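**Q** mind folding the following:
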Amino acid sequence: MKFGYSQPYFIPWPGFFYRAASVDKFILMDSVQFPRGFTWINRNRIKGKDGELWLTVPVCRKGKGLQKINEVEIYYGENWIKKHLHSIKHSYKNSPYFEEIFPEIERIYLLKRKYLMDFLLPLIELIRNKFKTSNNFLLLSDLGIDGKKEYLLLNIAEKLGADTIVIHKQALSHLNIEVLAKRGLNLEILKYRHPVYPQLWGEFLKDLSSLDILFNLGHLAWNTVLKWQKSG
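**A** A predicted model of the protein is given here:
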């Protein structure tokens, strides 16, 4: 059995879902520490007429100290929801699948959830459904285990009965591979090629939120992702 893992990102890029689709179980690390610096957990990029456009979900940090991701609350002291929806609408209103996708995104935004995780999960599920991939996501908090770095991964493997962990190349610098090997956990490095596809607004930009490929390709998006992996 293979498993992978990731922090729960805000409107993740297609590579996030490709990693999830490559394993039997994909763990969303919701009960680890929320990063103090830059993080994709509450921000991501779309493409507008002037190029890349950042969307950031403001969160409550003052006086909170160290927080787990699933403890982080959304800050509503500014009208960021209106700004996000305006940016998404004006960036993609001329895309082929705008009328299909935008109302579903708007509905999730307007729920105004208290906790960041309760906002992220419906967005992740929406994108997964559009890609039509299997639901193999599990929350770390639901597994009832803890640990740090490679020891946390070993505990996850034991809990799931997994013998293989699938990671991306960048994760190698953060893990002690020897510890994993000594405990009999096999390691697979997953390669991902970002697809090139028709976009609005000129020169192609890669590594955007999955919203970009979905607005532009709709039901063809996931097959496009898979074709690019096979052509690498």
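
**Q** who are the packing partners of the helix or strand where residue 211 lies?
**A** Assigned by DSSP states H and E, residue 211 belongs to helix 210-217. On a contact count with 3 or more C-beta pairs under 8 Å, 6 or more residues apart in numbering; DSSP states H and E, helix 210-217 meets helix 14-21, strand 43-48, helix 80-92, helix 98-109, helix 116-131, helix 221-230. Quick note: C-beta positions are derived from backbone N, CA and C, even for glycine.

**Q** so for residue 177, which of these sits nearest?
**A** The closest of these to residue 177 is helix 14-21. By C-beta to C-beta, the value is 18.3 Å.

**Q** what angle sits between the closest one and helix 116-131?
**A** Put simply, helix 14-21 runs at 80 degrees to helix 116-131, going by axes from the mean of the first three to the mean of the last three C-alpha atoms, to 10 degrees.

**Q** chain center to the helix or strand that helix 14-21 is followed by, what's the gap?
**A** Along the chain past helix 14-21, the next helix or strand (assigned with DSSP H and E) turns out to be strand 25-28. Put simply, strand 25-28 sits 11 Å off its chain's centre (C-alpha atoms, centre = their mean, to the nearest Å).

**Q** what residue ranges in this protein score low on pLDDT?
**A** 232 (pLDDT under 70).

**Q** can you list the buried residues in stretch 189-201?
**A** Neighbour-count burial for stretch 189-201, with 16 or more other C-beta atoms under 10 Å as criterion, is recorded at 190, 192, 194-195, 197, 199-201.

**Q** circling back: contact partners of the helix holding residue 211?
**A** 11-14, 16-17, 46-47, 88, 92, 95-98, 101, 105, 127, 130-131, 195, 197-200, 205, 221, 224-225 (C-beta atoms under 8 Å, 6 or more residues apart in numbering).

**Q** quick one on the thing from earlier: any chance of the helices and strands packed on helix 210-217 in JSON lines, plus mean neighbour count?
**A** Listed next are these as JSON lines, based on neighbours: other C-beta atoms under 10 Å:
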{"stretch": "helix 14-21", "mean neighbour count": "22"}
{"stretch": "strand 43-48", "mean neighbour count": "19"}
{"stretch": "helix 80-92", "mean neighbour count": "16"}
{"stretch": "helix 98-109", "mean neighbour count": "15"}
{"stretch": "helix 116-131", "mean neighbour count": "20"}
{"stretch": "helix 221-230", "mean neighbour count": "16"}
